[in-house]
Structures are given as C-alpha cells and as structure tokens.
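Trainee: Return a 3D structure for these sequence lines:
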Amino acid sequence: MSTLKEFDLDLPYVENRERIEKIMLEKSIDYDAALKFDYNTKWKAKRSIFRLETRCITALYERLFEKFETNGCWKVLVECVDCVRKNRYRDLLGVYTIEIPVNIDRYFCLSDIEKKKMILELLNQGIDKIAKDVGWEKEPFDKAYKGVINSNYINEWIWKNQLKSPLKNFSAEVFCQHNLYSFDIYILVKSKNGKEIRREKVVSDKPDEFYFTEHLGQLKWTSNDEVMLINKHKDKQWCVKID
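Mentor: Next comes the predicted model:
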C-alpha cells in the first residue's frame, strides 16, 4: 500500500519529426542534435514556466487533500498535451500519469484567475480518468477540488506557530503567499491583543518548493523589538524591527 499525497501538471515535449528534419538541414546537424536544439529553443522555457505557474494550485490541492491509501500510487501527474496519444494512465514507479488535451497557447493568454481555474480543471479531469480506471472513490478528490474553489484559488498559509517576544508583549509569525509567478514570504508582528502592527515582505522566490523551502529555517526574536527569519543553511537572514 502507498499513500497518495502529491499532484502535479506537466507540459511534456512532443517530438515533431518534420520540424526536426528541417532543423537538421538548416544547421547541418544530426537528428539527436536537432532534437536537443528544438527542445531547448521551442519548449524548455515554456515547460518550466507552466510547471512553476501551476504549482500554486496543485500545492493548494495537496494541502486540502486528505490521506488516501492506494495500491502503489503516491503521485498523480497530469500531462497536458495537444493531442492525446495514450488514453489510459501509465504507472511510472508509483506515479500515475495521464494525458489530458489542452490548448497551451490559450492558457498563456488567460487572466490570472482564469489560469488558476483552468489548472484546477485539468488536474480534476486527469484524476477523474485515473479514478475511473482504477476504481478509486471520488469523495476525497471532490472535497479537495471544492476546497480550492472555496478558497477562491488563493494559496496562503502561516508557517509554524506564533512566536512570542521576550517580554511577551508582541508575537510574530511567518505568512506565506504561493502565487502564480512568485512565492512571497512575510513576517507579521502582532500586539498582545492580536492586532497586526507590522507586515513586511522579507523574501520572494520562484513558486516551487525546490526554491522557496530553503528560506524557511527558523523564526527568532533577537530583541524585544526585532524579529528575524533565518534560512535553513543559516547563511541568510531577514529582520523586521518594530518602530
């Protein structure tokens, strides 16, 4: 048994032989070199941007998704393609992968909120197909799907718990916003009665755990009127001082 807990969207590269052969003639290179050139110039950046932008919704879905035991699947990967070539899911070492048709040029022309809605729908379509194939109950997935909608597609959360100042008259916490284009980290300071008296963005990075989690190391009061966020490697810190 495995626990399903991860969900992602991808924009896989599809080889176009006619285009590759044209590049071979134009650049006088072999097929493999032309294939690499085509991927690097026509697809790599688009795929990376799509992966980063979609993560805000897939990560929110993960947080809302309740524990679900499966027969070997720990992740669902939805491949967004122009034309479906494989109608059934593939089991890639526990990653259940399914193809869903999408007009990717249309996606990049959408507004931010419409992008988020499309991301959720693509994820849900992929899950629906896999669930039907393997006989998963849909309730846990429907609950997470509705949770994203009820959250207004906003992915924000408090990292760990509030931290009291030395004299206990202030508290601080780390507030995280996972957006389409960035992951923003704020330090919030509140008075003893819970009123917010300071909100300061201290760091912004790419919207993917590979980049931003390294910033979330330790929150520490350095005095009664100054609080500091220290990264995991302890070589960077961001301070907020109460005026």
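
Trainee: Now do the strands in this structure.
Mentor: Using DSSP state E, the strands of the chain run over residues 2-4, 6-10, 68-70, 75-81, 90-92, 95-101, 155-164, 170-178, 183-191, 196-205, 218-223, 226-230, 237-241.

Trainee: Of all those, which one comes closest to L120?
Mentor: Nearest to L120, of all the strands of the chain, is strand 6-10, at 10.0 Å by Cβ to Cβ. For every residue, glycine as well, the C-beta is placed using N, CA and C.

Trainee: Relative to the whole chain's centre, how far out is the closest one?
Mentor: Offset of strand 6-10 from its chain centre (Cα atoms, centre = their mean, to the nearest Å): 8 Å.

Trainee: need the contact list for I20.
Mentor: Y31, A34, L35, D38 (Cβ atoms under 8 Å, 6 or more residues apart in numbering).

Trainee: which of those residues count as buried?
Mentor: With burial judged by 16 or more other Cβ atoms under 10 Å, the buried subset of the contacts of I20 is A34, L35, D38.

Trainee: Give me the neighbour count for the spatially closest residue to the first one that is not a sequence neighbour.
Mentor: Counting by Cβ to Cβ, 6 or more residues apart in numbering, I23 is the residue found nearest to A34 once chain neighbours are left out, at 4.1 Å. Other residues lying near I23 total 20 when counted by other Cβ atoms under 10 Å.

Trainee: Over to L219?
Mentor: 18.

Trainee: what's near enough to touch it?
Mentor: So L219 contacts W159, K160, L163, A172, E173, V174, I187, V227, M228, L229, I230 (Cβ under 8 Å, 6+ apart).

Trainee: bridging residues for it?
Mentor: As for beta bridges, L219 partners with L229 under DSSP bridges.

Trainee: Tell me how far it lies from K116.
Mentor: 29 Å (Cβ to Cβ, to the nearest Å).

Trainee: Do you know the pLDDT at F7?
Mentor: pLDDT for F7: 98.

Trainee: number of nearby residues for it?
Mentor: Around F7 there are 22 other residues, counting by other Cβ under 10 Å.

Trainee: Same question for the one 3 residues further on.
Mentor: By the measure other Cβ under 10 Å, the count of residues near D10 is 15.

Trainee: are any of the contacts of L219 buried, and which?
Mentor: A172, E173, V174, I187, V227, M228, L229, I230.

Trainee: which two in these are spaced the farthest apart?
Mentor: For those, the farthest-apart pair by Cβ to Cβ is E173 and I230; their separation is 14.9 Å.

Trainee: which of the buried ones among the contacts of I20 lies closest to N71?
Mentor: For those, the nearest to N71 is L35 (36.5 Å; Cβ to Cβ).
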